[in-house]
Every structure is written in structure tokens, then in C-alpha cells.
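K.L.:
Sequence plus predicted model, see below.
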There are 2 protein chains.
Amino acid sequence: MKTYLDCIPCLIKGALEQARLATDDERVQKEIINEAAALIPQFSLGLTPPEMARQLHQIIARKTGSRDLFKSIRARSNRWAMELYPKLKEKVVRSRDRLLTSVELAIAGNVIDYAIKNTLNIEEEIQKIFGDDFSQEYKGIFEYECFKKDIATAKTILYLADNAGEIVFDRVFIEEFCGHRKVVFAVRDKPSINDALMEDAVFCGLDKITHVMSSGVDAPGTILKYCSEEFLKIFQQADLIISKGQGNYEALSEAERKIYFLFKVKCPVIARHSGAKLGDIVLKRSK
Amino acid sequence: MKTYLDCIPCLIKGALEQARLATDDERVQKEIINEAAALIPQFSLGLTPPEMARQLHQIIARKTGSRDLFKSIRARSNRWAMELYPKLKEKVVRSRDRLLTSVELAIAGNVIDYAIKNTLNIEEEIQKIFGDDFSQEYKGIFEYECFKKDIATAKTILYLADNAGEIVFDRVFIEEFCGHRKVVFAVRDKPSINDALMEDAVFCGLDKITHVMSSGVDAPGTILKYCSEEFLKIFQQADLIISKGQGNYEALSEAERKIYFLFKVKCPVIARHSGAKLGDIVLKRSK
């Protein structure tokens, strides 16, 4: 997905949020915004939003020396989600269609990340997930039947992780289909906002059920040109790719592979591009 | 009020909205955003937000030749509000405290402007105004008793207008106190978003009950250093100043005059600065 003009103020806003996590010094924060703003004229709209975000992160790291601003947030999200794990499992076990329930939960995990960042009431979000009407609510594009068929025949699956904490929800989902399949779970190579890293995947036990690897990327989306050779080989050969979150969708929406995108629609640009509505949960197959 | 870092992405967003009103050519829109972004490093946070907005408007006017992007929106707002005028009057006439009801309506007018710009349901906003609980709702800071005393003794009142359409609500308010007082109604000198100009004031009949004049300003706030000599004289000598909208608040919150600020809190920065909550309606006396 190309970058839309609407993404620009949003990227500047994101840079400001991160600048504030990195330093309390308003002078330095303003310098970061100045540098971020100065980058805008050089950006081509042909680039994807995660690519622009990546450059903004580099400015913040250079100006403040802080390369892992979300470390404590990542750790907190992981602990919190791990405590929830037994309840998530129970919900799946008790459901009529375990795969359906687990994929819904995986997308729900993407909702909760948003709640954490926007200080929404997490308890309320959780109640929504455990309520009976969760399955009915918010479903924009939801190509479940098609997904069910495709996953039944896939032998190797590449799973592109999004955020820390959320990966516990991914684990519950993956446990429903990993039994007789090879699943590769790809995380970011270096810190990028609160996206999951190797340490998060290990903490949350993903290494017990999948082959966890780094994609080689240090951006909040799987930008193929920055991925490692090893990752790209798997990306090309996997029978099926499951991509979590908006960032991976932005980076891969035009990729020529069989990808299922799972995400919550968090902004109007993604809504327009994906054809879903703001707030919808989406399970969408690539073109 | 100084410009906060949070204002920067918001100003860029505003520039984009106006760029889109001015032209359908995305290339030109991007050029406008580029120029707006390039301005950021030169901005001092010591300036007020309307001052930054003014410079952004100049970029758009220069790039597109469009100097009055909101002309049709202004006209539409005026017509719509004039149709509502009899109902507004009736509400005041039937109320127990006419001054109170009319000042509430004047602030309600500021709410509706926001509805128009954000394509909220205007009918719903109107219902809120005419509902019985309007007076109780949303009142953050509301120094009405103090205002009532001050207006009782004021002989000359300067009224700083905000948006087109909204000025009909101002008219209903002013009609409650203009009888034996001199009221000067100040509008912007040149188009600045949908802010009221002389033609709007005349269309809405403000010239029948007040002395309508231009403040000399071409920004979405009464920035004193750009005001005319004639206006500044009245600004210094008026017994009381009534200032409508966030833009005028941003420009004048530190001014050493007796000013009552009337506005709807539309952004978190103003909420923090004014001490009210997002969504509140405010009647606040200057320090």
C-alpha cells in the first residue's frame, strides 16, 4: 500500500509520541519533530507507511540514543496476555468451531494492542472478546470459509507477528493448526514501536510450537526489501502466509503471494484501502 | 497561548484538508504538505497556533490561487442558521433566564461549526441544543454569575466573532443585551477557513444591531499584532470583550483585558490549557 497524504500528519503524531517516550526535554522533542518534518518533502508517496515510520524511528534513536522505547510496554503486554492465556484456551475449547474462535481471538489481540496505546479501557475490550456477540460484531471482510479450505491443505505456514502481548493470542490460534504442519513465526529483527521481537516470542512460548525467526526487518511492517535472504526464501516457498496487523498489511498488500491479512481497522486510510469500515475486524485474502 | 507540539500534526492535517478543498490534483496537495512541513522547523513554539495556521493558509493561497476556499461553506452555514433563527429566538423567549439561555446558544453555535466540519449529524447536534438537558450537559468552566454582573455594568462591548453561521447564534445572544449598550462586532478582514467576514455579518443581520467592523486580521484568531489601529483602540477601551471560539482563545488567552471566552473544547490541548474537559462548553473569564 502506498502512503496516502493522510498518513503524513499521523506519522508526525507518532514521531511526537515516541519522542515523548524517549525524553522529557521539550527542546529535544521539538528538534525531533523538526527533523521529521524536514523529511516529508523527500518522501515519495510510492513508499509504504512502515518505510516512512522506519526513517522516523531512526531520527528518534539518533537524537536520544533510545533504541527500545517500548521495552517495558512490551514486557507488560506479554505478562498481561500470558495471564489471560488459560481463559483464551478455555474459550476455544468450549466453542463449536475452534478454528473460527481462535482466529477471532487472534484478531482480538490486535484490538487490545490499540487499547493499550490509546489508553482505552482494557477490561472493557476484554469483556467484548468474551461476550457472546463478539463473533457477530465488527466483522467487515471475513473470508473464513476460504481461509479454512486453504489452511486445511497447507503444509508450511509463515506467520508474520505484529505486537508483543498480541502474540499470546496468536499462540492460541496457531495451536489449533500447528499439529501436523510446519509453522514459521516471524518477528521483527530490531525494536520498532511495540512490535514483537525474538525475546517476546520466547517469553510467550511461541518457540515451543513454531520455528521462531527474525524477518530481518527493523520497521513496523514486513518490508520485503529489508528482509533477510533466509526469510525471503520462506516467504516465497510457504504454502500460506498469515499476516497480522495494519503494518504488515501496509507493507504487503500488493505482494504476489497467498496471504491472509488479519487486522483490526484502526484508521480511515486502511478502511478505504481494504474496503472495510473503521473499527471492523478483517480476515482478508490477498488479491 | 503558545503552540504545543501536539498542534503541529494537527496543523499539517488542517493544511491537507484545505489543500483538498483548493485542488483535486494530488501532486499539488503533496507540494502544499511539503511546504507546510518545511515551515515547521522555522516555527517557534512561542507563537500562537492561529499564527502558524495563517502562514499555512498563505502557502495554500500561493500554490492554488484559492483565497476563499470556504466561501460556499460559509454561505451554506449562514443560510442554514438563519432558517433556525426563529426557533432560537423562541427558545430564549420561553426560558426563565433569557441571558443564560442565549449565552448557552451562542456556545452551541460553536459546537455546530465543528459538526459541519467533521460531518457529524447536525440534526442530532440541534436536538441536543433544543433538549431540556442542554443547559446541564457539558458545562466545564461556566462563570455565568460573574459574567452577568460584568455585562450589567458594561457600556461598550467588543464581540469577537468566530465562524459564519455561528454568528446567527451570536446575534440571538447579542439581542439580549445590545438595547442600551454600544456593541462592536469584529469579523476577520480576509478569508480564513470558515471564519465570519463582513459579508457574513451583513447577511445574518448583525449590522442592524451592532457596529460591524473588521479586526484587520487574516488569521483564524485575533492576533493583536496584525490588527488595525482602529480595532486596537476599541480593544483597549471596551468595558468588556466577548471572544468566541478556540482560535480567539488561543490568540488572546494571555491578553491583559477583561475578556470572556466562549467556546466548545474541541481538542485535548485546549482542554489542558483551559482546565476544562474535551467536549465541554466553556464561559471563562480572562485572568
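P.N.:
Structure received.

K.L.:
near chain B, which residues of chain A show up?
P.N.:
A:5-6, A:8-10, A:12-13, A:16, A:19, A:26, A:29-30, A:33-35, A:37-38, A:40-41, A:45 (CB under 8 Å from any CB of the partner chain). Just so you know, the C-beta spots here come from the backbone N, C-alpha and C atoms, and that holds for glycine as well.

K.L.:
Just the buried residues from the residues you listed, in ChimeraX please.
P.N.:
ChimeraX command restricting the residues of chain A next to chain B to the buried ones, with burial defined by 16 or more other CB atoms under 10 Å in any protein chain shown:
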select /A:5,6,8,9,10,12,13,16,19,29,30,33,34,35,37,40,45
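
K.L.:
what's the offset of the helix or strand bottoming out on mean pLDDT in chain A from the middle of its chain?
P.N.:
None of the helices or strands of chain A scores lower by mean pLDDT, DSSP states H and E than helix A:122-130, at a mean of 70. Mean-position distance between helix A:122-130 and its chain equals 19 Å (CA atoms, centre = their mean, to the nearest Å).

K.L.:
Pull out the buried positions in it.
P.N.:
Those would be A:126, A:128-129, for helix A:122-130 by 16+ other CB under 10 Å.

K.L.:
Out of the residues of chain A next to chain B, list just those in helices.
P.N.:
Cross-referencing these against helices under DSSP state H gives A:8-10, A:12-13, A:16, A:19, A:26, A:29-30, A:33-35, A:37-38.

K.L.:
Okay, strands next: where are they in the stretch 101-250 of chain A?
P.N.:
With DSSP state E, counting those that start in this stretch as the criterion, the stretch 101-250 of chain A has strands at A:139-142, A:156-160, A:182-187, A:211-214, A:240-244.

K.L.:
Pull up the gap between the residue nearest the centre of chain A and chain B, please.
P.N.:
Centroid-nearest residue in chain A, with CA atoms, centre = their mean: residue A:162, separated by 2.5 Å. For residue A:162, the distance to chain B (CB to the nearest CB, to the nearest Å) stands at 23 Å.

K.L.:
residues contacting that residue?
P.N.:
Residue A:162 makes contact with A:110, A:113, A:195-196, A:244-245, A:247-248, A:263 under the criterion CB atoms under 8 Å, 6 or more residues apart in numbering or on different chains.

K.L.:
Max pairwise distance over the residues you listed: which two?
P.N.:
Farthest pair in these (CB to CB) is A:196 and A:263. Separation: 14.7 Å.

K.L.:
So which of the strands of the stretch 101-250 of chain A is nearest residue A:281?
P.N.:
Nearest of the strands of the stretch 101-250 of chain A to residue A:281, taken as CB to CB: strand A:139-142 at 6.0 Å.

K.L.:
So for the closest one, mean pLDDT?
P.N.:
What strand A:139-142 shows for mean pLDDT is 86.

K.L.:
Just give the strands next to it in its sheet, each with its orientation.
P.N.:
Strand A:139-142 has the following strand partners under DSSP bridges: strand A:281-285 (parallel).

K.L.:
tell me which residues in the strand it pairs with are buried?
P.N.:
A:281-284.

K.L.:
Quick one: residues in contact with that strand.
P.N.:
Strand A:281-285 has contacts (CB under 8 Å, 6+ apart) with A:103-104, A:107-108, A:110-111, A:138-144, A:146-147, A:150, A:258-265, A:274, A:276.

K.L.:
out of the buried residues of helix A:122-130, who's nearest chain B?
P.N.:
Of all the buried residues of helix A:122-130, residue A:128 has the smallest distance to chain B: 23.2 Å, by CB to the nearest CB.

K.L.:
Kindly provide the distance from the closest one to residue A:81.
P.N.:
Residue A:128 sits 16 Å away from residue A:81, going by CB to CB, to the nearest Å.

K.L.:
Give me the secondary structure label for residue A:67.
P.N.:
coil (DSSP: H, G, I helix; E, B strand; the rest coil).

K.L.:
tell me, how many neighbours does it end up with?
P.N.:
Neighbours of residue A:67 under the rule other CB atoms under 10 Å in any protein chain shown: 16.

K.L.:
how many other residues sit next to the closest residue in space to it that isn't next to it in sequence?
P.N.:
The shortest distance from residue A:67 to any residue other than its chain neighbours is 4.9 Å, reached at residue A:61 (CB to CB, 6 or more residues apart in numbering or on different chains). By other CB under 10 Å, 18 other residues sit near residue A:61.

K.L.:
Residue A:230 too?
P.N.:
Neighbourhood size, residue A:230 [other CB under 10 Å]: 12.

K.L.:
what residues are up against the nearest residue to it once chain neighbours are set aside?
P.N.:
Residue nearest to residue A:230 in three dimensions, not counting chain neighbours: residue A:213, with 7.2 Å by CB to CB, 6+ apart. Going by CB under 8 Å, 6+ apart, residue A:213 touches A:184-187, A:230-231, A:234.

K.L.:
Can you give me the domain assignment for chain A?
P.N.:
Domain ranges of chain A: A:7-64, A:71-285, per automatic domain parsing.

K.L.:
what's the span of stretch A:64-79 from first residue to last?
P.N.:
Stretch A:64-79 has an end-to-end distance of 27 Å (CA to CA, to the nearest Å).

K.L.:
Would you mark the buried spots in it?
P.N.:
A:64, A:66-67, A:69-70, A:73-74, A:77-78.

K.L.:
same question, stretch A:139-155
P.N.:
For stretch A:139-155, a neighbour-count test (16+ other CB under 10 Å) marks A:139-142, A:147, A:150-151, A:154 as buried.
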